[in-house]
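Engineer: sequence plus the predicted model coming up.
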Amino acid sequence: MHPHHEAVVNTIKGLAIDAVNAADSGHPGMPMGAADMATVLWTQFLQFVPTDPTWPDRDRFVLSAGHGSMLLYSLLHLSGFDVSMDDLKAFRQWGSKTPGHPEVGHTPGVETTTGPLGQGFATGVGMALAERHLRETYGPELCDHWTYGIVGDGDLMEGVASEAASLAGHLKLSRIVYLYDDNQITIDGGTDIAFTEDVGARFEAMGWHVLHVDGHDPEAIEVAIDEARKEDAPSLICCRTVIGQGSPNRQGTSEAHGKPLGATEGRLAKLAIGLDPEQTFVVLDGARDAFTSATAARDAWKARLDAHPRKEAFLAALARDGAAAIAGTAWPSFEVGKKVATRKSSEAALKAIVKANPWVIGGSADLAGSNGTQVGTAHFTPEAFGGKGTIDFGVREHAMGAICNGISLHGGALPYGATFLMFHDYQRPALRLAALMGTPGVWIYTHDSIFLGEDGPTHQPVSTLLAIRALPRVRVWRPADATETVTAWKAALTYDRGPSVLVLTRQGLPTLHASADAARGGYVVEDGGDAPDVCLLGTGSEVETCLDAARILAADGVKARVVSLPCRELFWEQDAAYKASVLPAGVPRLSVEAAVTLGWERWTGTDGAQVGLDDFGHSAPAEVLAEKLGFTGAAVAARARDLLA
């Protein structure tokens, strides 16, 4: 046990009491109950450099139980990160570095955004996967660290944690050590009202090394972490704790979970743990001295990097330079007029990308052949990670998303994950967090509409595009042909402010004449002559339908401009003059997309109209669905005439 262990623990408890009371909002119980395990981990095992928080070979720490954020903020403050006492006093306030739940990029030392339970657990698995991949590819001289975390009952109830744990156990990701804050309390009461399984047995069945200790015995915790680091499997250390430990009337109760202790109970708790109840935001003598910066280890790593024969390749992986990737990739070309499904043109582009850029890695949720992600790179196996590029995620869409987030956050690889568009619903929480964190990555969704056909409405997405587009910072690409698909991949490689989503067809689409303006998110495919009478706006497979409609209208003397909007978000970012040149004012607009029409009003305006599907699809061949549901050139031309009338 560290000689200043108690000083750190009691300081953390006092800071949690004071910050939550000052904000009149927060969760004091978890930081108080988990202070012992966190102190052992941070003072005796975790390697970090507070003045260099992004050092690539640092250990990663994930507070999956993100509601206990004051635990992490206190640790960051005490260990020397740029989190001041004023930041702690401004807990949960506007503009502070200490928001209600930890946010990566907002607070130095926070490795991932947590709050939605189970996400941190699964994201940490992605970090550990990335670490092992880099360690076996470039050697332990350049990558040799651990992923630690604190998880709670809520994390382990959520399905995403089980998905990720199952894959981690299968792959033997031995450098994961999670401390389970087993306090037997949830918001609604004791865990026994809904959660009575043998958690340790479940994890053992998934291939984890499981230990059980008293979560308030620092020596036992130290021994357990030591033992876990020797195992050839991920480890879960079940630490029996008392939530709100030290609070005479709240400890061990659900009341300690999510409400301030208040002035009276706060005073009693401080007296119980030996703090002066008249003082607030106190750091006890010795508490800061318990933490050690790994500056020497960082400097030794820099020296090894400078002398390493694969230095440039390693740095290129860390840099993830999209512009260089685009320049160095032998991009496929496609014959104009020839039909090819965009999932297939995406596969051709991805094959070229991974061949030239081994730092692009990923896989599919058991649909690789359908998703176009059979790209020829070697598969990760429990025995070998070095130089691999394909991850078999299994049927685990939610965990796949969170694991890809962890890979991206770790650095050294740009991840992609693939499934059917319909199953975005199973991974939406992970994509939402990717957007919130601004985490780069490529989310491949195929079988993008009702036109996947006979599988029927259970597999036909009608509202999914709208749901994804509603997320800030996400760029959604629904290319109309093979050349737009290549454009989408190029854009995804360079977009670093959030995730890129590629929405791809099952059916073949004719290759259009290439246009550089596709890279601007929207452009004129067919002008229809000067002063068009109507603009037909389409995405994906419906651009072909718009072109058919334009030809029918032309025969009637109606000039229709066809506009492809492969990425509406990117087009919206363009300057006003360019947008006006594509969508001129005063010209009626008709949007065409085989999905719900909600949201298209922004593009068509009050004088426009929408062709879409505000109901579910049907089980039938694609051409029958197009005829019955009004997605033919003739049907769109008729709607355009109605609009003009």
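Structural biologist: On my side now, so go ahead. Numbering: from 1, shown residues only.
Engineer: contacts, neighbours, all on C-alpha from now
Structural biologist: Fine.
Engineer: point out where the stretch 201-350 of the chain drops to low pLDDT.
Structural biologist: The model of the stretch 201-350 of the chain has no residue with pLDDT under 70.
Engineer: which residues in it form helices?
Structural biologist: Listed in chain order, the helices of the stretch 201-350 of the chain (DSSP state H, counting those that start in this stretch) span 218-228, 255-258, 262-272, 295-307, 311-319, 322-328, 342-356.
Engineer: wait, which of these is closest to Val125?
Structural biologist: helix 218-228 (15.8 Å; C-alpha to C-alpha).
Engineer: the closest one - contacts with which helices or strands?
Structural biologist: helix 29-44, strand 209-214, strand 235-240 (3 or more C-alpha pairs under 8 Å, 6 or more residues apart in numbering; DSSP states H and E).
Engineer: how is the chain divided into domains?
Structural biologist: 5-295, 320-510, 521-644 (automatic domain parsing).
Engineer: could you export the ones you listed as CSV, including distance to Pro309?
Structural biologist: As requested, the domains of the chain are exported to CSV (distance: least, C-alpha to C-alpha, whole Å):
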stretch, distance to Pro309
domain 5-295, 9
domain 320-510, 16
domain 521-644, 40
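Engineer: let's have the ones you listed in a markdown table, adding distance to Leu305 and mean neighbour count.
Structural biologist: Formatted as a markdown table, the domains of the chain follow (distance: least, C-alpha to C-alpha, whole Å; neighbours: other C-alpha atoms under 10 Å):
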| stretch | distance to Leu305 | mean neighbour count |
| --- | --- | --- |
| domain 5-295 | 6 | 21 |
| domain 320-510 | 14 | 22 |
| domain 521-644 | 38 | 19 |
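Engineer: of all those, which one is nearest Glu312?
Structural biologist: Glu312 lies closest to domain 5-295 among the domains of the chain, at 10.7 Å (C-alpha to C-alpha).
Engineer: from one end of that closest one to the other, what's the distance?
Structural biologist: Taking C-alpha to C-alpha, to the nearest Å, the first and last residues of domain 5-295 lie 22 Å apart.
Engineer: for stretch 331-340, same thing?
Structural biologist: End to end - C-alpha to C-alpha - stretch 331-340 spans 16 Å.
Engineer: distance from that stretch to the middle of the chain?
Structural biologist: Taking the mean of its C-alpha atoms, stretch 331-340 sits 32 Å from the chain's own mean (C-alpha atoms, centre = their mean, to the nearest Å).
Engineer: what about dumping the CA coordinates of stretch 468-475 to PDB?
Structural biologist: Once non-C-alpha atoms are left out, stretch 468-475 reads as follows in PDB (Å, rounded to 0.1, in the frame of the first residue of the first chain):
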ATOM      1  CA  ILE A 468     -28.400   9.300 -38.900                       C
ATOM      2  CA  ARG A 469     -28.600  12.700 -40.600                       C
ATOM      3  CA  ALA A 470     -30.100  14.100 -37.400                       C
ATOM      4  CA  LEU A 471     -26.800  13.600 -35.600                       C
ATOM      5  CA  PRO A 472     -24.500  16.600 -35.500                       C
ATOM      6  CA  ARG A 473     -20.900  16.300 -36.900                       C
ATOM      7  CA  VAL A 474     -21.800  13.100 -38.900                       C
ATOM      8  CA  ARG A 475     -21.300  13.200 -42.700                       C
END
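Engineer: export the helices and strands packed on helix 218-228 to CSV and tack on distance to Leu261?
Structural biologist: Formatted as CSV, these follow (distance: least, C-alpha to C-alpha, whole Å):
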stretch, distance to Leu261
helix 29-44, 9
strand 209-214, 25
strand 235-240, 22
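Engineer: of all those, which lies closest to Tyr178?
Structural biologist: Distance to Tyr178, taken as C-alpha to C-alpha, is lowest for strand 235-240 among the helices and strands packed on helix 218-228, at 5.0 Å.
Engineer: can you give me the angle the closest one makes with helix 29-44?
Structural biologist: Orientation check (axes from the mean of the first three to the mean of the last three C-alpha atoms, to 10 degrees): strand 235-240 against helix 29-44 gives 130 degrees.
Engineer: got the angle between strand 235-240 and strand 209-214?
Structural biologist: Interaxial angle of strand 235-240 relative to strand 209-214 (the same axes, to 10 degrees): 20 degrees.
Engineer: where does Ala488 fall, secondary structure wise?
Structural biologist: helix 482-494 (DSSP states H and E).
Engineer: that helix: what's the following helix or strand?
Structural biologist: Next along from helix 482-494, by DSSP H and E: strand 500-503.
Engineer: chain center to the following helix or strand past that next one: distance?
Structural biologist: Later in the chain than strand 500-503, the nearest helix or strand by DSSP H and E is strand 508-510. Relative to its chain's centre, strand 508-510 lies at 31 Å (C-alpha atoms, centre = their mean).
Engineer: who touches strand 508-510?
Structural biologist: For strand 508-510, the surrounding residues in contact (C-alpha atoms under 8 Å, 6 or more residues apart in numbering) are Val336, Gly337, Lys338, Lys339, Val340, Ala341, Thr342, Ala480, Asp481, Ala482, Ser541, Glu544.
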